[in-house]
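Peer 1: predicted model follows, preceded by the sequence.
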Amino acid sequence: MGGRGANLAGSGVSMELDWRSAYLLQAKSDYEMFTTLAQKEDTPLCHTLHYLQMATEKLAKSFLSEPNQPWPSRHQAYVAFIHVLLLNPNPFQKILGYTRKDQYKASLGSIRRTAKTLEDLVPESLRTRPNPEYPWSSQGRIYVPVVYDFPGLRLQEVGMRKLLKFTELSFVMVENLIKSTSI
Amino acid sequence: MRNSVQVEGDIQAIARNLARSNAETEESIRAIYLFPNSEEIRLIEVDETTPPSDGINPFVFGPDRRHGLPYRMSIALIRPEENRVLSPPKEWGTWEDAVQIWPEAA
């Protein structure tokens, strides 16, 4: 992506898109919202994480989906996306710019741990674990997203910024893959 | 009212705390450099497991007063083989302007 955030290819409602391109377009917009919120003063972390979780989920779905079929209606996709890349160093190691396989595996392995924490933010019906949208309870205590610290997911933490860097590289990779297979 | 020297000293102290905290929680960090500035915290972190880059593109985050970070932050991550090979953002100056703040000098 050029600079921080994504450039939307267009905003027409009548564009003819396949599912992969549709997910990617929405993912870019979600990521733009994430970067806008992250750069604002004192934005509660829950709101920035909400957009980042949605952006990464749809980015992954744009890679994993078939052109003519939407991804099943579950939120888990980003960790699966990283897993597919890890299992297939050829060709993705080179596409993502890694010169050595051990670097590629160590890097994606490290990013996958943060991705799992991010993916687990999706609200579940029992409301017993951290999520960016609804209060939840744990061990008799009620927590509220807007004042929760989300350990491991603060933007200043190195693990989070590695995930952001990887996400931006992945946007470019997925967009190029979709273009090359659409011709 | 604080003067600019106090503000810069304040930013440097906060940057050093942030760097220490990051290095302590991420064992793949090899070095952290501060590019002194009176308005924002500018850091380049050298990390063994970060994805490769073709340039230094810092992530920009707004102040986070709730966590004791009252200044805007621009933080870039690079790999060890990119250290002092890639150029810092133009407005940051050159590597000659960088101060290594982690590991701290004994």
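Peer 2: Alright, I've got the coordinates.

Peer 1: now A:His83. Its backbone dihedrals?
Peer 2: Note on A:His83: its backbone torsions stand at phi -60, psi -40 [degrees, to the nearest 10].

Peer 1: give me the nearest residue to it, chain neighbours excluded.
Peer 2: With sequence-adjacent residues excluded and distances taken as Cβ to Cβ, 6 or more residues apart in numbering or on different chains, A:His83 is closest to A:Arg112, at 7.2 Å. C-beta here means a position set from N, CA and C on the backbone, and glycine is covered the same way.

Peer 1: how far away is that neighbour from A:Leu85?
Peer 2: With distances taken as Cβ to Cβ, to the nearest Å, A:Arg112 is found 9 Å from A:Leu85.

Peer 1: now do the strands in chain A.
Peer 2: Secondary structure of chain A (DSSP state E): strands located at A:136-138, A:141-143.

Peer 1: okay, now the sheet partners of the last one, with direction.
Peer 2: The strands beside strand A:141-143 in its sheet (DSSP bridges) come out as strand A:136-138 (antiparallel).

Peer 1: enumerate every residue touching A:Lys94.
Peer 2: If you count contacts by Cβ atoms under 8 Å, 6 or more residues apart in numbering or on different chains, A:Lys94 has none.

Peer 1: measure it to chain B for me?
Peer 2: With distances taken as Cβ to the nearest Cβ, to the nearest Å, A:Lys94 is found 11 Å from chain B.

Peer 1: look up how far chain B lies from the residue nearest the centre of chain A.
Peer 2: In chain A, the centroid-proximal residue (Cα atoms, centre = their mean) is A:Thr56; its distance is 1.4 Å. In this structure, A:Thr56 and chain B are separated by 15 Å, where distance is defined by Cβ to the nearest Cβ.

Peer 1: I figured that residue was touching A:Ala115, is that so?
Peer 2: Yes: taking Cβ atoms under 8 Å as the definition, A:Thr56 is a contact partner of A:Ala115 at 7.1 Å.

Peer 1: who touches both of those two?
Peer 2: Counting by Cβ under 8 Å, 6+ apart, the common neighbours of A:Thr56 and A:Ala115 are A:Tyr78.
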